[in-house]
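# fold the following and give me the result.
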Amino acid sequence: MRRISGFVAVVIASTALAAFAQVKERPIPRIVKKDGRYALFVDDAPYFLLAAQVNNSSGWPAMLPQVWPAMEFLHANTVEIPVYWEQFESRLDMISPDYARDAAGYIKMLEIYGRNDNPLFIPETGGSPRFFFFALGHQAIGFSPFGLDFTRIKEIPDAARPKEELLPPWALTGTKEFVAPFGPIYRMIAPMAREIARLNYEGKLQAVAEEQGKVTQTLSFGAWEATVSYGVWARYGRPAGNPQPKGGALVAQLKDNQFLVAGFYSRVDFRPAAAERHRRFLRVAEGTYENGVFKFRRVLNGDQTDGGLDFSSEPLVLRVSVTTY
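Numbers count the residues shown, from 1 in each chain. Next up, the predicted model:
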């Protein structure tokens, strides 16, 4: 289904969650285009809409007590409560899609809507949580799955559920069980959402997600290539793919030989674009972002990294320095 999304509604919800009072001196949030890429600017800096759309009819005041706890659980920075765009001026900032089926169709949808004359925002979506990486890899300025609040309570027997590849969020049961699949990605991205938005806007970030039958993907960063593999079960094993596609990763170039890497259920490794050279990790630091600054936690040693950088079910953010020999 095609959705025409009035940007004013998203801006109102996002600004309300980020700051309860708008200071008059602050510039109005706006979409900026540079070199064919878009970003939402809030307070004059790129801002990624790590959003969640509430369930049908959850925008009424009596339902909001079941909305805010879900947003806190997710670490979302934007709450999307749809309103009828006809209530506002008939000026459109962008045309946005709504798609919740297979990965191939999802990618095609992103290619159609991610145009040079249209910023890509996903105002409503279902599917696997890994679809976030598909959207980010197509330079989306925001991502908002449908119905991520605590109003869904109907139990659905396991036998009645569709296959995971086709599973929209509302096919999950209960309350937190319904929201929880998106939790790890949101917890990972939320502290660095500003950095992700800036790097994506500057063309320094690439992201991919696992597709059925495709066990490796290669990202090019000039003198370096990053290889993302899925279903690698041994230190130097060959990728076989996860039993059900669920992996994803993002890689951003911070300096010529330094990268930000994060993901789930995948392995990321680097190799020089020059075939005669070999990769060596100088430093692999695990940490998180706080107020735009990478906060170091620990350094991973050679036993942990010589086969590549492994990502599993828990959020993991790495700052990686490489060299050649």
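# contacts, neighbours, all on C-alpha from now
Noted.
# can you map out the helices along this protein?
7-18, 68-74, 103-113, 131-137, 176-179, 183-189, 193-201, 302-305 (DSSP state H).
# tell me what the fourth one is packed against?
The one in question is helix 131-137. helix 103-113, strand 205-209, strand 248-255 (3 or more Cα pairs under 8 Å, 6 or more residues apart in numbering; DSSP states H and E).
# now do the third one
Counting contacts by 3+ Cα pairs under 8 Å, 6+ apart, helix 103-113 packs against strand 96-99, helix 131-137.
# could you dump those into TSV and include distance to residue 194, mean pLDDT and mean neighbour count?
Formatted as TSV, these follow (distance: least, Cα to Cα, whole Å; pLDDT from 0 to 100; neighbours: other Cα atoms under 10 Å):
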stretch	distance to residue 194	mean pLDDT	mean neighbour count
strand 96-99	22	83	20
helix 131-137	13	96	24
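# distance to residue 228 added to those, as a markdown table?
Listed next are the helices and strands packed on helix 103-113 as a markdown table, based on distance: least, Cα to Cα, whole Å:
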| stretch | distance to residue 228 |
| --- | --- |
| strand 96-99 | 25 |
| helix 131-137 | 12 |
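# wait, isn't residue 241 in contact with residue 209?
No - between residue 241 and residue 209 there is no contact under Cα atoms under 8 Å: 11.5 Å.
# quick one: which of these two has more around it?
residue 209 (30 against 23; other Cα atoms under 10 Å).
# bridge partners for the closest residue to that one other than its chain neighbours, pull those for me.
Nearest in space to residue 209, with sequence neighbours left out and distances taken as Cα to Cα, 6 or more residues apart in numbering, is residue 248 at 4.0 Å. For residue 248, the beta-bridge partners are residue 209, residue 264 (DSSP bridges).
# what about residue 248, distance to residue 307?
Per Cα to Cα, to the nearest Å, residue 248 is found 18 Å from residue 307.
# OK, contacts around residue 136?
When contacts are counted by Cα atoms under 8 Å, 6 or more residues apart in numbering, residue 136 touches 206-207.
# ok, now with 10 Å
By Cα atoms under 10 Å, 6 or more residues apart in numbering, residue 136 lies in contact with 48, 110, 120-121, 142-143, 196-197, 200, 205-209, 249-250.
# next, the distance between the ends of stretch 305-316.
14 Å.
# okay, buried residues for it please.
Across stretch 305-316, burial judged by 16 or more other Cα atoms under 10 Å covers 305, 308-311, 315-316.
# now, these that are in strands?
With strands identified by DSSP state E, the entries of the buried residues of stretch 305-316 that belong to them are 309-311.
# looking at these, which is nearest residue 187?
Nearest to residue 187 out of these is residue 311 (Cα to Cα; 14.7 Å).
# per-residue confidence at that closest one?
Per-residue pLDDT puts residue 311 at 97.
# list the contacts of it.
With Cα under 10 Å, 6+ apart, residue 311 has these contacts: 230, 247-249, 261-268, 317.
# can you pick the most crowded of these?
The contacts of residue 311, ranked by neighbours (other Cα under 10 Å): first place residue 263, 32 neighbours.
# so for that one, what's the pLDDT?
For residue 263, the predicted pLDDT is 97.
# please name the nearest non-neighbouring residue to it.
Using Cα to Cα, 6+ apart and skipping residues adjacent in sequence, the residue nearest residue 263 is residue 249, 3.9 Å away.
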